[in-house]
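> how would this look folded up:
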Amino acid sequence: MFHKILVANRGEIALRVIRACRDLGVEVVAVYSEADRGAPYLELADQAICIGPAPSAESYLKIPRIIAAAEASGAQAIHPGYGFLAENSKFAEQCRESNIEFIGPPVEAMDRLGNKDKAKAVAKAAKVPTVPGSDGIVNSEEEAKRFANAVGYPVLIKAVAGGGGRGMRLARDEASLVSGLAAAKAEAEIAFKDGRVYLEKYLDRPRHVEVQLLGDQHGNVLHLFERDCSLQRRHQKLVEESPSPRLPDNVRQEMCAAAVRLAKEVGYFSAGTCEFLVDQKNNYYFIEVNARIQVEHPVTELVTGVDLIRQQIRVAAGERLSFTQKDIVPRGCAIEVRINAEDTAHDFRPSPGTITTWRPPGGPGVRLDSHVVAGYRVPPTYDSMVAKLLVHQPTRAEAFAVMRRALREFIVEGIHTTIPILKTIFDTPEFIKGDVDTTFIERVLMPK
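Reported below is the predicted structural model:
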């Protein structure tokens, strides 16, 4: 086991990793930008090092500064959390060259899965169903038109290096295909420095279901069942739950087995998530692998009892998984909602500022993952999430009741949050029945 780990992240996930290190008896080093100076969670680390000014490009994304902080502090390993450098294979490679363990998957697997075109080829090799798509990169309008005419409109234009909906456009006809192609390439070039795109057949009202994976460096790869992440707005998740409602058990088992095959195809270890779209006939299609810990990992922790962050650290230290697939038995229903600093009454406009009142919920079956306290200033510089509220109960109906109670108890003043729309979601008949898809928010709650 390591004796000291550096956490290359901020906020909620930094605190989560700090706590896991403490639980394992490992010393921990936190890094922070000028915008996060004085954040309460930094006091829980053994050491805190400033790595630059507020812009992430000058701090949390600055690889040389993070490596230097690790070397100066004597950290043996770096945990990247999620976001920032978590899926940056160049960062993982730099860690390796500096004799610092990267707490994540191997560089080779990251390279193969980080590019969506390569990842799709991996899926096909592992006999995992994929959404019908173009044969590689689309280089011209003519090529795009031929594909769209062959599979039929609508089609999705997607950036090869994309994520979070950036570099993605929906084309319902030839005119929107041509304009969308140019727009997606331009957006992808700005966001990822990679303007290449490909096309996929658009699935109408699919569900977004992901399988949690965990593997060690000795060839063992397990799944920890699935999470349903269909409630999204602009491709950003708002609610996640496990098990996925209305998913037949045979499809669940097939999907989880497919995810494991895909991970083994690239020699994957550490935590990761294999994401699928499920159509209205319960056909499932691979879309991507997130080669890191997910924001919503606590959902899986609650239903399986497995601490995923501790397991990541143990695996990176070379330990074998101490359990097998048959030992993973999901229990009950877990639901997570994201509390973001956003004004939902004004198109989810960011709402940075100082939190004057912070009165979180509690009681049986409630978990809150947050770095926030009263008086905390939410900076405008980073992601708007301030908390993850989770509940775990024997049944979905009981979980809904506890979530409604917890949302009523949760009082935040000084900023706007997503709590009001979350209260509405949990009182919406379609969601209560599990009749949801990725268009639910825009189609049911916020129709134009």
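> which of the residues in the host helix or strand of Leu181 are buried?
Leu181 is located in helix 174-192, with elements delineated by DSSP states H and E. Applying a neighbour-count criterion of 16 or more other C-beta atoms under 10 Å, the buried positions in helix 174-192 are Ser176, Leu177, Gly180, Leu181, Ala184, Lys185, Glu187, Ala188, Ala191, Phe192. Every C-beta, even on glycine, is put in place using the N, C-alpha and C of the backbone.
> model confidence score at the closest residue to the second one other than its chain neighbours, please.
Counting by C-beta to C-beta, 6 or more residues apart in numbering, Ala171 is the residue found nearest to Leu177 once chain neighbours are left out, at 3.8 Å. What the model reports for Ala171 is a pLDDT of 95.
> out of the buried residues of helix 174-192, which one sits closest to Gly114?
Distance from Gly114 was checked for each of the buried residues of helix 174-192 by C-beta to C-beta. The minimum falls on Phe192, at 10.5 Å.
> show me the contacts for that closest one.
Taking C-beta atoms under 8 Å, 6 or more residues apart in numbering, we find Phe192 in contact with Ala159, Ala161, Gly162, Arg166, Gly167.
> flag whichever of those scores worst on pLDDT.
The weakest per-residue confidence within these falls on Gly162 (73).
> ok, then the element right after whatever helix or strand that one lives in?
Secondary structure assigned from DSSP H and E places Gly162 in strand 155-163. Moving toward the C-terminus from strand 155-163, the first helix or strand encountered (DSSP H and E) is strand 166-171.
> that following strand packs against which elements?
Applying 3 or more C-beta pairs under 8 Å, 6 or more residues apart in numbering; DSSP states H and E, we find strand 166-171 packed against strand 155-163, helix 174-192.
> please repeat the previous calculation with a cut-off of 10 Å.
On a contact count with 3 or more C-beta pairs under 10 Å, 6 or more residues apart in numbering; DSSP states H and E, strand 166-171 meets strand 155-163, helix 174-192, strand 197-201.
> what does it rub up against?
With contacts defined as C-beta atoms under 10 Å, 6 or more residues apart in numbering, strand 166-171 is touched by 144, 148, 153-162, 176-192, 194-197, 199-200, 202, 234-235.
> rerun at 8 Å
Against strand 166-171 from outside (C-beta under 8 Å, 6+ apart): 148, 153-159, 161-162, 176-177, 180-181, 183-185, 187-188, 191-192, 197, 202, 235.
> direction included, what does that strand pair against?
When pairing is defined by DSSP bridges, strand 166-171 lines up against strand 155-163 (antiparallel).
> distance from the partner strand to the middle of the chain?
17 Å (C-alpha atoms, centre = their mean, to the nearest Å).
> what's the closest of the buried residues of helix 174-192 to Leu390?
Nearest to Leu390 among those, counting by C-beta to C-beta, is Ala191 at 30.1 Å.
> now that closest one: how far from Lys388?
Note on Ala191: its distance to Lys388, by C-beta to C-beta, to the nearest Å, is 25 Å.
> got it, and Leu170?
To Lys388, Leu170 is 29 Å away according to C-beta to C-beta.
> show me the domain layout of the chain.
Following the assignment in automatic domain parsing, the chain carries domains at 4-86, 132-201, 207-445.
> burial check on the residue nearest to Leu177, number of neighbours?
The burial metric for Ala171, expressed as a neighbour count using other C-beta atoms under 10 Å, is 22.
> give me the beta-bridge partners of it?
Val155.
> let me see the contact set for the residue of the chain most remote from its centre.
Here the centre of the chain is the reference, and by C-alpha atoms, centre = their mean the most remote residue is Glu142, at 34.8 Å. Listed by C-beta under 8 Å, 6+ apart, Glu142 has no contact partners.
> report the buried residues of whatever helix or strand it lives in.
Taking DSSP H and E as the definition, Glu142 sits inside helix 141-151. Residues Glu143, Ala144, Phe147, Ala148, Val151 are the ones in helix 141-151 that count as buried (16+ other C-beta under 10 Å).
> since we're on Gly272, how many residues are nearby?
The local packing count at Gly272 equals 29, with neighbours defined by other C-beta under 10 Å.
> now do the SS call for it.
Recorded secondary structure, Gly272: strand (DSSP: H, G, I helix; E, B strand; the rest coil).
> correct me if wrong: it contacts Asn290.
Yes: using C-beta atoms under 8 Å, Gly272 is in contact with Asn290, at 6.4 Å.
> can you list the low-confidence ranges for this protein?
Across the chain, the ranges flagged by pLDDT under 70 are 164, 447-448.
> centroid-nearest residue for it?
In the chain, the C-alpha closest to the average C-alpha coordinate belongs to Gln294, at a distance of 3.7 Å (C-alpha atoms, centre = their mean).
> now Pro364. Nearest residue, chain neighbours left out?
Spatial nearest neighbour of Pro364, excluding adjacent residues (C-beta to C-beta, 6+ apart): Val402 at 7.8 Å.
> wait, I meant Ala406
Once flanking residues are discounted, Ala406 sits nearest to Pro361: 3.9 Å by C-beta to C-beta, 6+ apart.
> over to Val28?
Nearest-residue entry for Val28: Cys21, 4.1 Å, with adjacent residues in sequence omitted and distances by C-beta to C-beta, 6+ apart.
> kindly provide the distance from the one you found to Val122.
With distances taken as C-beta to C-beta, Cys21 is found 32 Å from Val122.
> who's more crowded, those two?
Neighbour tally, Cys21 and Val122, criterion other C-beta under 10 Å: the higher count belongs to Cys21, 26 against 21.
> assign that one to helix, strand or coil.
The local conformation at Cys21, judged by three-state DSSP, is helix.
> isn't it up against Ile313?
Yes: contact between Cys21 and Ile313 holds when scored by C-beta under 8 Å: they sit 7.2 Å apart.
> residues near Leu214, how many?
Leu214 sits with 25 neighbouring residues when counted by other C-beta under 10 Å.
> how about the contacts made by His218?
Arg320.
> could you redo the last one with a cut-off of 10 Å?
Taking C-beta under 10 Å, 6+ apart, we find His218 in contact with Phe269, Val315, Gly318, Glu319, Arg320, Leu321.
> and if you look at Ala125?
If you count contacts by C-beta under 10 Å, 6+ apart, Ala125 has them with Arg261, Leu262, Glu265, Val266.
> how does it look with 6 Å?
Taking C-beta atoms under 6 Å, 6 or more residues apart in numbering as the contact definition, Ala125 lies against Glu265.
> coming back round to it: dump the buried residues of helix 141-151 to a markdown table, plus distance to Tyr285.
What follows is the buried residues of helix 141-151, written out as a markdown table (distance: C-beta to C-beta, whole Å):
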| residue | distance to Tyr285 |
| --- | --- |
| Glu143 | 22 |
| Ala144 | 20 |
| Phe147 | 17 |
| Ala148 | 18 |
| Val151 | 13 |
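> could you measure the residue farthest from the centre of the chain against Gly362, distance?
Distance, Glu142 to Gly362, using C-beta to C-beta: 60 Å.
> where is the longest strand in the chain?
Among the elements of the chain assigned as strand by DSSP state E, the one spanning the most residues is strand 221-233.
> appreciated, that's everything.
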